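**Student:** Based on what follows, work out the 3D shape:
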Amino acid sequence: SKVKSENRKTIWSIEEVPEGSEFDDTWDPREQPEYEILFKQCVGTEDVFFGMSGKDPSTACCEDIVIKIKLPETKYSDITLDIQDTVLDLRTPKKKLLLHLPYPVNSKDGRARFLSEEEILEVTLRVSRKFDFINFA
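**Tutor:** Residues are numbered from 1 along each chain as shown. Got it, this is the predicted structure:
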């Protein structure tokens with residue numbers, strides 16, 4: 001199979017390069033912080049007891065992604081956070097995190113809060129799926 005490209009020396013096509021790779025800096029010596037990805041689902045009693053909405057406990061039925069990032073010895077003012085549709089890019093003076101998200105998100109509709117007592121940044125992002133208006137109406 002031939003690679004279709006304008007430059008004959010390229011080995012990958014544009015479609016094969018993962019989105020968000022332009023943010024990755026392999027020469028940056030900062031370490032990656034510990035993080036945890038959680039999925040959040042909005043359910044009511046009709047879901048829990050009767051299963052009326054058809055939701056199940058899988059991540060496919062979750063509306064939000066919650067990312068908890070441990071940032072010890074960090075102040076709120078030192079955090080730089082950039083959210084794209086499939087990438088979370090976090091930078092502090094000591095830590096760096098480039099995270100490819102498991103699902104596309106609505107980058108304009110999210111929340112972040114810094115819990116200074118626990119030294120954790122909690123980022124909540126709304127999952128953006130093509131057919132959510134049908135599944136979760």
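**Student:** Give the closest residue to the residue most central in space within the chain in space, chain neighbours not counted.
**Tutor:** Among the residues of the chain, the one closest to the centroid is residue 101, at 3.6 Å (C-alpha atoms, centre = their mean). Spatial nearest neighbour of residue 101, excluding adjacent residues (C-beta to C-beta, 6 or more residues apart in numbering): residue 86 at 5.4 Å. Any C-beta I mention is one placed from the backbone N, CA and C, and that applies to glycine too.
**Student:** Please report how far the one you found lies from residue 107.
**Tutor:** Using C-beta to C-beta, to the nearest Å, residue 86 is found at 9 Å from residue 107.
**Student:** Over to residue 29?
**Tutor:** When C-beta to C-beta is the yardstick, residue 29 and residue 107 sit 28 Å from each other.
**Student:** who has more neighbours, those two?
**Tutor:** residue 107 (17 against 6; other C-beta atoms under 10 Å).
**Student:** What segments of this protein are strands?
**Tutor:** For the chain, the strands defined by DSSP state E cover 35-40, 64-70, 80-83, 87-91, 96-100, 105-115, 120-127.
**Student:** got the contact list for residue 64?
**Tutor:** 39, 40, 41, 124, 125, 126, 127 (C-beta atoms under 8 Å, 6 or more residues apart in numbering).
**Student:** No further questions, thank you.
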